[in-house]
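Undergrad: I would like to see how this sequence folds:
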Amino acid sequence: MHGEHDAMNNGDDRVRSIIEGIQRVASGDFSSPITVTGEEDDLDAIATGINMLTEEIAHRDKESNEKQEAILNILEDVNEAKEELEKATVALTESEEKYRDLVENINDVFYATDENGTITYISPIVSHIMDYHPEDIIGRPFMEFIHEDDLERIMEAFTDIVAGNLHPSEYRVMKKDGGYQWVRTSSRPIKDENGKLLGLRGVLSDIQEKKEREERLEKALTDLEKSNKELEQFAYVASHDLQEPLRMVSSYLQLLNRRYGENLDDTAKEFIDFAVDGSTRMSGLIQDLLKFSRVGTKGKPFEPTEMKEVVDTALKNLEIAIQDHEATVSVDEMPVASVDAGQMVQLFQNLIGNAMKFNRPGMAPEVKVGLGGSDTEWEFTIADNGIGIPEDQLERVFVIFQRLHPREEYDGTGIGLAVCKRIVERHGGRIWVESAEGEGSTFHFTIPKRRDE
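TA: Numbering: from 1, shown residues only. From the prediction side, this is the model:
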């Protein structure tokens, strides 16, 4: 009887272990399996089944947790992507607003056409150029607004643009009031992946003021050319008509002096000398004026020229002056340059002649013709040891009729350096002088190495 009671108690303990295990599982604790001590029976089978179920539940719970974690991670990524998308949307909106402000407020007009040349977009600023609102233009052919005299040229430009060539064009477009406005456009073609033309995109600029300036300049140049021709004709007529009376005055004064000189007192002879000298100087002045006026109109074409030969010719023309002044002239190696040889001889002759004329008393003139320059131009120099030029007079020496010294000290008409300046400028160069009073002068002038420069 006592043994039966122990067996019953043992069975109760095993049942209690199973119940406690089930309670742990129910509370979510899968860490400890159910253990049943004693002989194997149905309770062992129940405990084993419950343990297997517990393991399965634990496995599924783990998978569920992992899935939940994965879902949470995905949701977190989605939220981050959503935030980035919202930021990108705001940035895109701001960019579109800035682009719209730029397009609508810039002075140039942006436009687009389809493959047939029909306007599909045009920026609002067009109203300031053509007086049309965009809605009045969109949907109409672009060619409808072009001046009829410019149509052929624009069609040729359109062919170039479709071929892929950037082709800026200037033409007139019709305004709302029927008048015309000069514009400049740059366009490019828009094509699909197969090369089919979809339309054009371009920029249109207002060049009305530019064209008006060009027209005024063209008129001014035409007027100037006409004036130059009239001036040249006047200079020729004046020189011819004035020279003859001057020669006659001078000849009769000299004849008067020869025939009646013995009957004239010294004062009368001095008056005659003054008159002859005045007519001679007037004749020289007229000749110099004629040379000055013909620099730009009677020049010869520029040709490759040995500049050494030019300088040698100038020195030969100055041979007597060089001997009279006992001057020394040295010349550097000279290049070949594209020039008007006759005018270059005159230029060197004037500059070298001045270098000898304005010498210091008691000192023989020393003149050096030098050569320098850069990759684009030759620079010629004529340096002397003469009296020099005051610093505040360096620009004045090139102005016509500007003399720095009384005629009694140095002869001349005050035109020589002005002629030099015109010759150099006709050749596309510059001329200037560096000098210090009492220390000599160096005249510089440049000639382009290539005539297209």
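
Undergrad: Just give the number of residues close to the residue nearest to residue 326 when sequence neighbours are not counted.
TA: Of all residues beyond its chain neighbours, the one nearest residue 326 is residue 364 (4.8 Å), with distances taken as Cβ to Cβ, 6 or more residues apart in numbering. For glycine as for every other residue, the C-beta is placed from the backbone atoms N, C-alpha and C. When neighbours are defined as other Cβ atoms under 10 Å, residue 364 has 12 of them.

Undergrad: try residue 368
TA: For residue 368, the count of nearby residues is 16 (other Cβ under 10 Å).

Undergrad: Surely residue 310 and residue 341 touch.
TA: Yes. Residue 310 is within contact range of residue 341, at 5.9 Å (criterion: Cβ atoms under 8 Å).

Undergrad: Looking at these two, which one has more neighbours?
TA: residue 310 (22 against 18).

Undergrad: is it fair to say that one lies in a helix?
TA: Yes. Using DSSP: H, G, I helix; E, B strand; the rest coil, the assignment for residue 310 is a helix.

Undergrad: Quick check: closest non-adjacent residue to it.
TA: With sequence-adjacent residues excluded and distances taken as Cβ to Cβ, 6+ apart, residue 310 is closest to residue 344, at 4.6 Å.

Undergrad: Surely the one you found is within a helix?
TA: Yes. Secondary structure of residue 344 (three-state DSSP): part of a helix.

Undergrad: if I pick it, what's in contact with it?
TA: Residue 344 makes contact with 305, 307, 310, 423, according to Cβ atoms under 8 Å, 6 or more residues apart in numbering.

Undergrad: got the contact list for residue 189?
TA: Counting by Cβ under 8 Å, 6+ apart, residue 189 touches 161-162, 164, 197, 199-200.

Undergrad: Which among the residues you listed count as buried?
TA: Buried subset of the contacts of residue 189 (neighbour count, 16 or more other Cβ atoms under 10 Å): 161-162, 199-200.

Undergrad: which one of those sits closest to residue 438?
TA: Checking those against residue 438 by Cβ to Cβ gives residue 161 as the nearest, at 67.5 Å.

Undergrad: Pull out the CA atoms of the top strand by length along the chain and give them to me as PDB.
TA: Among the segments of the chain that qualify as a strand by DSSP state E, the longest is strand 180-191. Extracted in PDB, the C-alpha atoms of strand 180-191 (Å, rounded to 0.1, in the frame of the first residue of the first chain):
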ATOM      1  CA  TYR A 180      11.000  95.500 -88.100                       C
ATOM      2  CA  GLN A 181      13.700  94.800 -85.500                       C
ATOM      3  CA  TRP A 182      17.200  93.600 -86.000                       C
ATOM      4  CA  VAL A 183      18.000  90.400 -84.000                       C
ATOM      5  CA  ARG A 184      20.800  87.800 -83.800                       C
ATOM      6  CA  THR A 185      20.100  84.100 -83.200                       C
ATOM      7  CA  SER A 186      22.200  81.100 -82.400                       C
ATOM      8  CA  SER A 187      20.400  77.700 -82.800                       C
ATOM      9  CA  ARG A 188      21.100  74.100 -82.600                       C
ATOM     10  CA  PRO A 189      19.100  71.000 -83.800                       C
ATOM     11  CA  ILE A 190      17.400  68.600 -81.500                       C
ATOM     12  CA  LYS A 191      17.300  65.000 -82.900                       C
END
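
Undergrad: Is residue 360 in contact with residue 386, as I believe?
TA: Yes. Between residue 360 and residue 386 there is a contact at 6.0 Å, judged by Cβ under 8 Å.

Undergrad: Give me the neighbour count for residue 354.
TA: 21.

Undergrad: need the contact list for it.
TA: 416-417.

Undergrad: ok, so what distance separates it from residue 122?
TA: 65 Å (Cβ to Cβ, to the nearest Å).

Undergrad: and what of residue 424?
TA: Using Cβ to Cβ, we find residue 424 at a distance of 52 Å from residue 122.

Undergrad: now do residue 326
TA: Look at residue 326 and residue 122: by Cβ to Cβ, they are 81 Å apart.

Undergrad: Among those two, which residue is more densely surrounded?
TA: More crowded of residue 326 and residue 122, by other Cβ under 10 Å: residue 122, with 24 against 10.

Undergrad: Please, which helix or strand holds the residue nearest to residue 326?
TA: Residue 364 belongs to no helix or strand when assigned by DSSP states H and E.

Undergrad: list the contacts for it?
TA: By Cβ under 8 Å, 6+ apart, the residues touching residue 364 are 325-328.

Undergrad: just the buried members of those residues?
TA: With burial judged by 16+ other Cβ under 10 Å, the buried subset of the contacts of residue 364 is 325, 327.

Undergrad: This structure: strands as residue ranges?
TA: Assigned by DSSP E, the chain shows strands spanning 109-114, 119-122, 169-174, 180-191, 197-206, 303-306, 328-331, 336-339, 366-373, 377-383, 431-435, 441-448.
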